[in-house]
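Chemist: have a look at this fold, sequence not included:
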């Protein structure tokens, strides 16, 4: 799942917390323009696969997407 940290109505971190309560949670890749270490730490400690700053480096995003899609 590719999510932004700042989204209308529900932040990416809030969505992650909800999904972490589910039996099967999707791999999450965060993107953000807000590169605060506190937010990055929260996402990664919550099990994020990656935390990418914007503008997102295309090759890096593709690599993480491929990792997320591997069985």
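Modeler: Great, that's in hand. Note that the structure is predicted; figures quoted are calculated from it, not measured.
Chemist: return the distance of the longest helix along the chain from the chain's centre.
Modeler: Counting residues, the longest helix found in the chain (DSSP state H) is helix 58-69. Distance of helix 58-69 from its chain centroid, counting by Cα atoms, centre = their mean, to the nearest Å, is 12 Å.
Chemist: same deal with stretch 14-31?
Modeler: So, by Cα atoms, centre = their mean, the centroid of stretch 14-31 is 8 Å from its chain's centroid.
Chemist: need the residues that contact stretch 16-29.
Modeler: 1-3, 12, 43, 46-50, 52, 61, 64-65, 67-68 (Cβ atoms under 8 Å, 6 or more residues apart in numbering). Every residue, glycine included, has its C-beta placed from N, CA and C.
Chemist: go again using 7 Å as the cut-off
Modeler: 1, 2, 3, 43, 46, 47, 48, 49, 50, 52, 64, 68 (Cβ atoms under 7 Å, 6 or more residues apart in numbering).
Chemist: pull out the buried residues from those residues.
Modeler: Among the contacts of stretch 16-29, those classed as buried by 16 or more other Cβ atoms under 10 Å are 2, 3, 43, 46, 48, 49, 50, 52, 64.
Chemist: residue contacts, the second one?
Modeler: Listed by Cβ under 7 Å, 6+ apart, the contact partners of residue 3 are 12, 15, 28, 30.
Chemist: at 6 Å instead, please
Modeler: 12, 30 (Cβ atoms under 6 Å, 6 or more residues apart in numbering).
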